[in-house]
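Asks: Sequence and predicted structure below; questions after.
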Amino acid sequence: LFGPRGIAIDLDGNLLVADTGNKRILRFSPDGQSLGQIGGGGVIAGRFEEPTDVKVDPTDGTVVVADAWNGRIQRFSPSLEYAGEFAVPGWAGRDVFQKPYLTVARDGTIYATDPATALVMVFARDGTVKAAFGGPGTDASHLGLPNGIAADLVAGQVIVADGGNNRVMVFPEILE
């Protein structure tokens, strides 16, 4: 591993690791055995330039990867076959410190942080932008530097680590 960032557990209990520095996603069994990898450096489909996070769609097991420096989110089948991608406005920069992260809500909606604009962007599975929230500020409806993000699949909430304001914020899901 070289600079790993995001992690996830797939629907079979396997660990997925965004091995950011090596530009790949690794899969390990619950007992630690390597089950393969996807990616490698590049701009073509299935390759990554800065995979900062990986999550699993709880509805169908699709693996979702934040490919930050290529400015996109890529999707893979549960068996890690390439299944599509969509552009993320604002991820075009190559910031070394402000990395985007993502999560997938219980209905498959994808939430992605954009630390440069202090926004959380909300996407349908097909990449259609549904909404965005946050923006620079310190009050309860704004964010300073959204970094980590998680979906509470039971309560139907999205939790955002706001590093710029030294707090954790809880928002309701935006449903399809």
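Replies: Ah, there it is. Numbering: from 1, shown residues only.
Asks: middle-most residue in this protein, spatially?
Replies: Closest to where the C-alpha atoms of the chain average out (Cα atoms, centre = their mean) is Leu102, at 2.5 Å.
Asks: Quick check: bridge partners of the spatially closest residue to that residue that is not a sequence neighbour?
Replies: Once flanking residues are discounted, Leu102 sits nearest to Ala112: 4.4 Å by Cβ to Cβ, 6 or more residues apart in numbering. The C-beta positions use only the backbone N, C-alpha and C, and glycine is treated the same way. Under DSSP bridges, the beta-bridge partners of Ala112 are Leu102, Met121.
Asks: my guess is Ala112 contacts Ala105, does it?
Replies: No. The criterion here is Cβ atoms under 8 Å, and Ala112 misses it with Ala105 at 11.7 Å.
Asks: The closest residue to Leu1 other than its chain neighbours: what's it in contact with?
Replies: Closest residue to Leu1 apart from its sequence neighbours, by Cβ to Cβ, 6+ apart: Asp19 at 5.2 Å. Residues in contact with Asp19 (Cβ atoms under 8 Å, 6 or more residues apart in numbering) are 1-4, 25-26, 37, 51.
Asks: do Ala8 as well
Replies: When contacts are counted by Cβ under 8 Å, 6+ apart, Ala8 touches 15-16, 54-56, 63.
Asks: JSON lines for those, including distance to Gly156?
Replies: Output for the contacts of Ala8, formatted as JSON lines (distance: Cβ to Cβ, whole Å):
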{"residue": "Leu15", "distance to Gly156": "25"}
{"residue": "Leu16", "distance to Gly156": "23"}
{"residue": "Val54", "distance to Gly156": "22"}
{"residue": "Lys55", "distance to Gly156": "16"}
{"residue": "Val56", "distance to Gly156": "18"}
{"residue": "Val63", "distance to Gly156": "22"}
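Asks: Return the subset of these lying in strands.
Replies: 15-16, 54-56, 63 (DSSP state E).
Asks: which one of these is nearest Asp95?
Replies: Using Cβ to Cβ, Val54 comes nearest to Asp95 of these, at 19.3 Å.
Asks: Tell me if I'm right that the residue nearest to the centre of the chain and Asn147 touch.
Replies: No. Under the criterion of Cβ under 8 Å, Leu102 makes no contact with Asn147, lying 11.4 Å away.
Asks: what touches both of these two?
Replies: Joint contacts of Leu102 and Asn147 (Cβ under 8 Å, 6+ apart) are Thr113.
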